[in-house]
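Asks: sharing a model that was predicted from the sequence below.
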Amino acid sequence: MNYKKKKFTLLIANDDEDTRFLVKEALREIRLAITSEFVENGEQVLDYLYRRGQYLGSSNWHQPDLILLDLNMPRLDGRETLTSIRSDPHLQQIPVVILTTSHRRGDILLCYRLGANSFISKPVTFEGLLEVMKTLCEYWFEIVSLPPDM
């Protein structure tokens, strides 16, 4: 269990403003010690991870303990972003969970082949999303041992 680290960083990549709002609300209700960072596309994920652009020199930057990644985003989609993360030895230890509206078997298979740690199809109700986020956060931040910051 992750008792040594009290505050976790969750990086959420989703281009839909409503989804970002609902995820923020769900995290607020969960009340775990989580810092959440939201980005809108894969380029911003990589900027965050490599501390480029708006994240350059940021004193609030923390390497994420977990990345929630949508598949269908502008600029750099989730598949391309996942491929970039898994190809970098300094990033590949960060767990990546796909959280998307897709239920397609092909998307599920491809994401696991690209190195996703989990694939979750987004629930359509807030109550469903709340339950998913609660279970997800409990699993990743209370049950498993996450890799140490590199």
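Replies: Alright, I've got the coordinates.
Asks: got the buried residues for whichever strand or helix holds C111?
Replies: If you go by DSSP states H and E, C111 is part of helix 105-114. For helix 105-114, the neighbour count (16 or more other C-beta atoms under 10 Å) marks 107-108, 110-111, 114 as buried. C-beta: built from backbone N, CA, C; applies to glycine.
Asks: TSV please, covering those residues and showing distance to F8 and pLDDT.
Replies: As requested, the buried residues of helix 105-114 are exported to TSV (distance: C-beta to C-beta, whole Å; pLDDT from 0 to 100):
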residue	distance to F8	pLDDT
D107	27	96
I108	26	97
L110	28	97
C111	23	97
L114	24	97
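Asks: can you list the weak-confidence ranges in this protein?
Replies: 1-6, 149-150 (pLDDT under 70).
Asks: switch to 90 and redo it
Replies: 1-7, 28-34, 57-62, 142, 145-150 (pLDDT under 90).
Asks: farthest from the middle of it: give me that residue.
Replies: G57 (21.9 Å; C-alpha atoms, centre = their mean).
Asks: show me what contacts that residue?
Replies: Contact analysis of G57 by C-beta atoms under 8 Å, 6 or more residues apart in numbering lists R51.
Asks: distance check, it against I94.
Replies: 21 Å (C-beta to C-beta, to the nearest Å).
Asks: and M73, by the same measure?
Replies: For M73 relative to I94 (C-beta to C-beta), the value is 18 Å.
Asks: ok, now T9?
Replies: Counting by C-beta to C-beta, the gap from T9 to I94 is 10 Å.
Asks: any common contacting residues for these two?
Replies: Contacts common to T9 and I94, judged by C-beta under 8 Å, 6+ apart, are 63-66.
Asks: can you tell me which of those is closest to F126?
Replies: L66 (21.0 Å; C-beta to C-beta).
Asks: point me to the helix or strand that includes E80.
Replies: Here E80 is assigned to helix 78-87, by DSSP H and E.
Asks: do I120 as well
Replies: Going by DSSP H and E, I120 is in strand 118-121.
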